[in-house]
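# my questions are about this predicted structure, shown below with the sequence.
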Amino acid sequence: MKWILLLGLLAIITSGCHRAPGSLPPPEKPFHSDGCSCFPDLDYADCCVDHDRVYWQGGSPEQRRAADDQLRRCIAAKGRPVLAHVVFWGVRLGGHGWLPTPWRWGFGHRWPNGYHQP
């Protein structure tokens, strides 16, 4: 639990950090998905795989927010609105590109890749 709070705090502190503008090269690592990472896959695993594909590529903070919003809407559309908000805040706090986690924003690129402005 402490590491989750520490990661969340780190994400909030570094949320203003951005990479210099320019084109983001294609990811170095092949795409893979772990489904819904720290959540059970249940009947919304397809939402998580779609979300992982966008996270793998990475991009701007706005693109990350759009991906997280889409994940929330997808899970809510499967009849799980409360869980959708829990998952949303989980990825907002735990998926920051500056974290060295395997599910972070831009995980197809070497860490630290941070954010990229289009």
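Arrived safely, thanks for sending.
# most residues in a single helix of the chain, which one?
helix 61-77 (DSSP state H).
# centre of the chain to it, how far?
Relative to its parent chain, helix 61-77 has a centroid offset of 9 Å by C-alpha atoms, centre = their mean, to the nearest Å.
# ditto for stretch 84-101
Centroid separation for stretch 84-101 versus its chain: 6 Å, with C-alpha atoms, centre = their mean.
# what do you get for stretch 95-111?
Taking the mean of its C-alpha atoms, stretch 95-111 sits 8 Å from the chain's own mean (C-alpha atoms, centre = their mean).
# what's the answer for stretch 57-66, then?
With C-alpha atoms, centre = their mean as the basis, stretch 57-66 stands 8 Å off its chain's centre.
# how about stretch 28-41?
The answer for stretch 28-41 is 10 Å, by C-alpha atoms, centre = their mean.
# and stretch 83-92, by the same measure?
10 Å.
# same question for stretch 53-62.
7 Å.
# convert it to CSV, retaining C-alpha atoms only.
C-alpha atoms of stretch 53-62 as CSV (Å, rounded to 0.1, in the frame of the first residue of the first chain):
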residue,chain,number,x,y,z
ARG,A,53,-2.1,-0.4,-27.1
VAL,A,54,-2.4,3.4,-26.7
TYR,A,55,-0.2,3.3,-23.5
TRP,A,56,2.5,1.3,-25.4
GLN,A,57,2.8,4.0,-28.0
GLY,A,58,2.8,6.9,-25.5
GLY,A,59,2.4,10.6,-26.6
SER,A,60,1.2,13.8,-25.0
PRO,A,61,-0.5,14.3,-21.6
GLU,A,62,-3.7,15.0,-23.5
